[in-house]
Every structure is written in structure tokens, then in C-alpha cells.
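Colleague: Give me coordinates for this.
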Amino acid sequence: MLSVAAMAQIPTAGLIGYWPFTGNTNDLSGNGYNGVNHGASLTIDRFGNPYSAYHFDGLLAYIVLNNNLPIINSNSFTISAWAIMDG
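Modeller: The predicted structure follows:
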């Protein structure tokens with residue numbers, strides 16, 4: 001019997017920003033583009049990990065990122081996110 005466990009690895013080389021939401025909105029890329037939370041509340045992520053995702057109320061909650069992010073004036077960038085819509 002063969003058993004294999006695999007974890008998805010997120011490449012970190014060359015990232016401008018990395019916000020895993022591990023209890024805060026800090027940028028873990030090392031570039032210091034920390035977010036500022038305005039009313040979003042920490043909740044469980046898609047794997048059931050507590051304080052690892054944010055819940056937005058759909059009205060007033062948001063997270064602000066620094067205007068000096070290099071992607072703001074770029075024509076080429078990728079954003080990856082998981083979202084679930086409450087109905």
C-alpha cells in the first residue's frame with residue numbers, strides 16, 4: 001500500500017505582495033505592503049483554519065493596500081483569491 005500526502009506550495013520568489021491573512025493583513029513577501037483592515041472580520045478559511053480569512057459585510061468592510069504597490073501602474077499582473085458568497 002502506498003500513501004502520499006501533498007501540499008500546495010505557493011511560490012514566493014519574485015512576489016510583489018503576499019497576504020495569506022494569517023490573523024492580520026500583513027504582507028509576508030518581505031516588501032512591506034501591509035494592508036489596513038476597515039471593518040472586515042477574521043473567520044475560518046476554506047480548510048477550516050481559524051483566523052485565516054476575512055469576512056466582508058458587503059457594505060462597509062474593506063482592506064486598503066498601499067498606493068505605492070508596483071502593480072498599480074503595471075499592465076501585467078496576476079491576482080489569486082478564493083471567495084465564497086454568502087447568500
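
Colleague: Distance of the spatially most central residue of the chain relative to I63?
Modeller: The residue lying closest to the centre of the chain (Cα atoms, centre = their mean) is W19, at 3.8 Å. Taking Cβ to Cβ, to the nearest Å as the measure, W19 falls 8 Å from I63. (Each C-beta comes from the backbone N, C-alpha and C, glycine too.)

Colleague: Find residues that contact each of these two.
Modeller: Residues touching both W19 and I63 by Cβ atoms under 8 Å, 6 or more residues apart in numbering: 25, 35.

Colleague: Count the neighbours of the closest residue to I63 other than its chain neighbours for me.
Modeller: Spatial nearest neighbour of I63, chain neighbours left out: G35 (4.5 Å); criterion: Cβ to Cβ, 6 or more residues apart in numbering. If you count neighbours by other Cβ atoms under 10 Å, G35 ends up with 19.

Colleague: can you check Y18 too?
Modeller: Neighbour number of Y18 under other Cβ under 10 Å is 15.

Colleague: Now it: which helix or strand?
Modeller: Using DSSP states H and E, Y18 sits within no helix or strand.

Colleague: Once you drop chain neighbours, what's closest to it?
Modeller: S29 (4.2 Å).

Colleague: ok, now which ones touch that neighbour?
Modeller: With Cβ under 8 Å, 6+ apart, S29 has these contacts: 12, 15-18.

Colleague: Switch those residues over to a markdown table; also include distance to P70.
Modeller: Supplementary listing: the contacts of S29 in a markdown table, determined by distance: Cβ to Cβ, whole Å:
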| residue | distance to P70 |
| --- | --- |
| T12 | 16 |
| L15 | 11 |
| I16 | 5 |
| G17 | 9 |
| Y18 | 14 |
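
Colleague: hmm, which of those residues are the buried ones?
Modeller: Neighbour counting with 16 or more other Cβ atoms under 10 Å marks G17 as buried within the contacts of S29.
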